[in-house]
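> Just need the structure, nothing else, for what follows:
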Amino acid sequence: MRLPPLPGHGSYPLTLATPAFYVLLALLGLFALMLGYLWKSHPTHKRGFEGYYEAAGISLTFLTFSVLLVIGTVLRDPSANRTSWALYEVILSGYWLTFAIPIVTVASSVESRSRGRIPWVVPSVVVAVAMFAALFGYYFYGI
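Sure, this is the predicted structure:
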């Protein structure tokens, strides 16, 4: 199997005007609203903020990466090649995020609660990257 070309111009139209992209933005907005509400209603409760960041940190990281990847891809290549289209589809199909966020969140919690004695974060990130690659291959190569 050959390596895909770099993302670039092609014949696949990409747009940000899709329900899936709006859902990603809405999720980020809900996280921001939750943080704003926590800040306004309990501004001095340090443990509340620690709990929020512990619980939401992984999700925020994946969602922010996803939104930035989609925006960057669409702005760079509104008429994309197959590589750009596959990156776009991996995110907006939702399958990768549905898989990666819970896996890495659980691993992070296990590692955190075991005070690092059960090192699951790095392996879970490797699994999430492998799943990204598998889904990219599915969309790019039509596997």
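
> Quick check: closest non-adjacent residue to the residue nearest the centre of the chain.
Of all residues in the chain, the one closest to the mean position by CA atoms, centre = their mean is residue 62, 2.9 Å from it. Among residues not flanking residue 62 along the chain, residue 101 sits closest, at 5.1 Å (CB to CB, 6 or more residues apart in numbering). Every residue, glycine included, has its C-beta placed from N, CA and C.

> elements contacting the host helix or strand of the residue nearest to the centre of the chain?
Following DSSP states H and E, one finds residue 62 within helix 46-76. Helices and strands touching helix 46-76, as assessed by 3 or more CB pairs under 8 Å, 6 or more residues apart in numbering; DSSP states H and E, comprise helix 19-41, helix 82-92, helix 95-113.

> Redo the ones you listed as JSON lines? Include distance to residue 68.
Formatted as JSON lines, the helices and strands packed on helix 46-76 follow (distance: least, CB to CB, whole Å):
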{"stretch": "helix 19-41", "distance to residue 68": "10"}
{"stretch": "helix 82-92", "distance to residue 68": "10"}
{"stretch": "helix 95-113", "distance to residue 68": "13"}
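
> just those helices: most buried one?
helix 82-92 (a mean of 22; mean count of other CB atoms under 10 Å).

> Who are the packing partners of whichever strand or helix holds residue 130?
Take DSSP H and E as the rule and residue 130 turns out to sit in helix 121-141. Applying 3+ CB pairs under 8 Å, 6+ apart, one finds that helix 121-141 contacts helix 82-92, helix 95-113.
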